[in-house]
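In: Give the three-dimensional model of this entry:
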Amino acid sequence: MESKIIPVFSNKGGVGKTFLAANLATALTLSGKKVLLLDLDIQAGHDMARMLNLIPQHSLAQLLTETQEEEKSDFSNISKYVISHSSGMDFLPAIVQPQDIGSLASKDVKLFLKTISHNYDYIIVDLGQSFSELMLNVLDLSNIILLIATPDVLAVYQLRWCIKILQDMHYPLKMMKLVLNRAESQGGVAWQEVRSALGIDVLARIPSDGKAVGTALERGVPSVIDKPKSPVADAFKKLVSELKRGDLYFQTTDIDRKHIDTDKFENPKDFLGATSEGVDGSGLPRDEISALKRKIQAKLIEQLDLESLTTEHFSDPSKSHELRESAKKIVSNLLIEEKGSLISSHEKRLKIVNEIVTEIFGLGVLDEVMADPNVSDVMVNSSQEIYIEKDGQVELTGYRFFSDQQLRAIINRIIAPLGRRIDESTPMVDARLQDGSRFNAIIPPLCLTGPTVTIRKFGSEKLSADDIVQKFQSLSEPMRDFLRACVLGRMNIIISGGTGSGKTTLLNVLSEFIPDGERIITIEDAAELRLKKEHWCRLESRPANVEGAGEVSLRDLFINSLRMRPDRIIVGECRGPEVLDMLQAMNTGHDGSMTTLHANSTRDVLIRMSSMILLSGIELPIRAINEMMSSAINVVVHMSRFTDGSRKVTGITEIAGISDQHELILKDVFVFRQTERDSTGKVRGFYENCDYVPKCAEELIVKGVKLDKEIFHRKP
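Out: The predicted model follows:
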C-alpha cells in the first residue's frame, strides 16, 4: 500500500487550518481508510491534540532520536509513539516538549515519511504557516498540496503571495488545490472571485457554522463526529470523495541515472533551443535528465509566443527577466507532465528548471562558468573542449556543449541583439555581453575545429587605484601618484601590453583621476570601457551589413568625435590608420587623451605606431613621424602578465624629446624588477624608480598639480 501524502498549509493564521486538518483526517478514517495525522505546526503548541481530546506522551522528534540511536531505518517501532483517536486514526505530534525541536532534522523527517508511507492509506500533515526547510522537504514528497483560505481580501492576498513562492520553488500550479473555509460568510468574497484571483481550483467549500464548530471544539470532538449530519460534516464528506479520485494526485520520484536513447527527440528551434549539457565519462549526455530536458525544451518553445518575441526581450534586462520567470513557470508544469511525477527534491527540481531556462535564454553551461567571480577568461576551443582562466591559471573544465549547432545558436543569441552577424561570408565577430565582457567568435571555414568562442570577463566590482596598489600590487604608490598627476595635468598617455595583460583595466582606473565636468568621448570596436564619470559619450564602430555597406570604422568615429567638443578623447585600442588621426588630435589641442596598444615594451610601442602609420598608405618620412610622436605623446605605460597570472606595470617611460639624429629619446621613470619565482609559483620582485625626474614633472607642478619630486629619486 502506497499512501497519499497530503499537506495542509496556509501562510495566514486564523483561517482554520488546524480545524480542517483534524476533521479531514477524521473523515477519511470514518470512510474506512487508514490515516496518520502528523502535526508539524510547532508554533501552535498542542492545539491539534486539544481539538482531538488527546494527550500524547511521545513525539516524532523522540521517534527520530531513538531510531538514530538504535541505527534503525525502518521505523518499525512507530506504533509505540503514535496515539490512536477514538475514530481509529493515528496521531503523532512533532514535539511534546520544547527541547525536542532540535531533534527535528528535515532530512530525517523526509526519510520517515518515505518509510512509513507503506503503512497508511493517507498521511495528513499540518505544516503550520511558516516557510522552512522542513516544510519544503514534506512538500517534495506530497501528492497534492491543500492551501487553506477564508473568503476575505487579506487572506486571499496573502495566499496569492504564498502561491507565488511555491511556484518560484517550482511546485506546479496544478498540484495546488484550494479549500475555502467559512465559504458562506456574510460580506465575504464570492468563491468564484477567489478562484479567479488565485488561479487554482477550489476543491472544497466548508460552510460557516460558528455555533456547531465552537461546541465541537469545546468538547474536543471533531465536527464530523460531533454533528455528523451538519453542513460542515457534509462538506468534509464531499472533500473525502474528491480526495479518493486517483487522477487528483501527482506521484513523486527521484531521477534515476539510467542510459536511454535521446536521438528520438526533436531538436528545438535554432535560436532559442540551444541546449548544453554536462556529460559523463563517455562524453555524451545519454542519461535520463538529458532526455527530459531536451523534451521539455522542445515543448517550451512550442508554448512560447515566438512571434511576439523581439531582440529587445533578450537585450533589455527587465523584459529578459520577465520572459525567464514566465518560462520557469511553464517548465515547472511541463516537468511534472513529462516526468509523470514530482521530483522529490526541491533542490534538484530547482536546478533542473534553472538549467533548462538558462540553456534556452542564456549562455548554457557558460552561464555557470561566468558566474564564478574567480574566472577571468573563458576559451571554447570546440563544443567538446572548454578552458577557463581561474585565479591566473588556465585549466580544462568538464563542461561540454551537445553539438556544434548548439554552440552556434548561443553565438547567434549573443550577437543578435547587438546588430552583429556571423556566417560563412563573415565568419568572425567581436561583441560585448550585457555585463560588458568582451566576446569574440570565429566559425568554419576559418576555424577547423568548429565554432570557437573567447570571452574576456570583466568583474562586477570596479577597481580603484588603491585596489591595484594594495590588493593586487600591480604598481607602486609612487607610480600611482605620478600617473594621477599626468592625468590631472592633461598629459597624453599610451598604455601598452600583450593580450590579457590588463590594459583596459588600467585605463578604467586612470579615468577616475579625470576631473568631474570634463567631456569624455570614448571610441571602441566593442564597448568595453567602464569609466567612473558622468559626462561621458560612448561611440562604437559598426561592421558592414550583408550588402557590404554601412561600415563605420574607428577612424570615421575619431574624425567625427573632433566635432563633438571633447575635453578628452579615449580610444579603446589603436590598431590601424586611426593612430595617425590620434597623433594629429593630440598635436592640435586635444591633450589629456589616452589609448591602448599591443606591444612588448614601451620602446616597441613607438615602433608599432610608426609601422601602423606607414601601413595606412600615407607616405611620411620617419623623421616626420618621430617628430609628431615626440610632440604628441608624453608617457608610455607598459603592462605585463606574468606566469603566475598576476598583472603588473613593468615600466613607465617618458618620451623626453628627439635627438639631433631625429631619433626619439626615451627615459624610464619607473620599472619592475623580477627577482625570483617562489616555491608556490608566485612571481617575486620590486618596483624601482630610475632616479630620473621627467621633464613633464616641472610642467605639471606649474599647472598646479600636486607632485612630490622625491618619488623619482632613489633612496640611499
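
In: switch to C-alpha atoms for all contacts and neighbour counts from now on
Out: Fine.

In: Show me where this structure dips below the pLDDT cut-off.
Out: Per-residue confidence of the chain (counting by pLDDT under 70) places the weak regions at 1, 70-74, 186-187, 253-290, 301, 304-317, 337-346, 459-460, 546, 716.

In: can you list the domains in it?
Out: Per automatic domain parsing, the structural domains of the chain span 4-249, 288-456, 465-515+578-712.

In: Can you get me the start-to-end distance on the last one?
Out: The first residue of domain 465-515+578-712 is 19 Å away from its last residue (C-alpha to C-alpha, to the nearest Å).

In: what do you get for stretch 511-525?
Out: Stretch 511-525: ends 19 Å apart by C-alpha to C-alpha.

In: again, but for stretch 453-469
Out: 32 Å.

In: Would you mind listing the buried residues in that stretch?
Out: Residues Val453, Thr454, Ile455, Arg456, Lys457, Phe458, Gly459, Ser464, Ala465, Ile468, Val469 are the ones in stretch 453-469 that count as buried (16 or more other C-alpha atoms under 10 Å).

In: Columns distance to Glu528 on top of the domains of the chain, output as a markdown table?
Out: A markdown table is the format used below for those (distance: least, C-alpha to C-alpha, whole Å):
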| stretch | distance to Glu528 |
| --- | --- |
| domain 4-249 | 34 |
| domain 288-456 | 6 |
| domain 465-515+578-712 | 8 |
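
In: Those domains: which one's closest to Leu554?
Out: domain 465-515+578-712 (6.5 Å; C-alpha to C-alpha).

In: Gly220 reaches Met48, doesn't it?
Out: No. With contact defined as C-alpha atoms under 8 Å, Gly220 does not reach Met48; the gap is 9.6 Å.

In: Looking at those two, which one has more neighbours?
Out: Per other C-alpha atoms under 10 Å, whichever of Gly220 and Met48 has more neighbours is Met48, with 23 against 17.

In: Gly364 touches Thr358, doesn't it?
Out: Yes. Using C-alpha under 8 Å, Gly364 makes contact with Thr358 at a distance of 5.7 Å.

In: Neighbour count for those two, which is higher?
Out: Under the criterion of other C-alpha under 10 Å, the comparison of Gly364 against Thr358 puts Gly364 first, with 24 against 21.

In: Got phi/psi on the more buried one?
Out: Main-chain torsions, Gly364, degrees, to the nearest 10: phi 70, psi -140.

In: Note down every partner strand of the longest strand along the chain and its orientation.
Out: When the chain is parsed with DSSP state E, its longest strand is strand 664-677. Here strand 664-677 has these sheet partners by DSSP bridges: strand 647-658 (antiparallel), strand 683-689 (antiparallel).

In: mind listing what's buried in the last one?
Out: By neighbour count, with 16+ other C-alpha under 10 Å as the criterion, the buried positions of strand 683-689 are Val683, Tyr687, Glu688, Asn689.

In: mind listing the helices for the stretch 151-300 of the chain?
Out: 153-168, 191-198, 210-219, 223-226, 231-243, 288-303 (DSSP state H, counting those that start in this stretch).

In: Show me the contact partners of the shortest one.
Out: It refers to helix 223-226. Under the criterion C-alpha atoms under 8 Å, 6 or more residues apart in numbering, residues Asn23, Thr26, Ala27, Ala212, Val213, Ala216, Leu217, Ser230, Val232, Ala233, Phe236 lie in contact with helix 223-226.

In: Quickly find the element holding the first one.
Out: Secondary-structure element containing Asn23, defined by DSSP states H and E: helix 17-30.

In: and the strand or helix carrying Ile414, what other elements does it pack with?
Out: Secondary-structure assignment from DSSP H and E places Ile414 in helix 404-415. If contacts are counted by 3 or more C-alpha pairs under 8 Å, 6 or more residues apart in numbering; DSSP states H and E, helix 404-415 sits against no helix or strand.

In: Can you name the element that comes right after it?
Out: Using DSSP H and E, the helix or strand that follows helix 404-415 towards the C-terminus is strand 428-432.

In: quick one: that following strand to chain centroid distance?
Out: Remark: strand 428-432 is offset 23 Å from the chain centroid, using C-alpha atoms, centre = their mean, to the nearest Å.

In: Downstream of it, the next helix or strand is which one?
Out: The helix or strand immediately downstream of strand 428-432 is strand 438-442, counting by DSSP H and E.

In: quick one: strands adjacent to that following strand?
Out: Here strand 438-442 is paired, per DSSP bridges, with strand 428-432 (antiparallel), strand 452-456 (antiparallel).

In: what about Leu38, how many residues close to it?
Out: Using other C-alpha under 10 Å, Leu38 has 25 neighbouring residues.

In: swap in Arg519?
Out: For Arg519, the count of nearby residues is 18 (other C-alpha under 10 Å).
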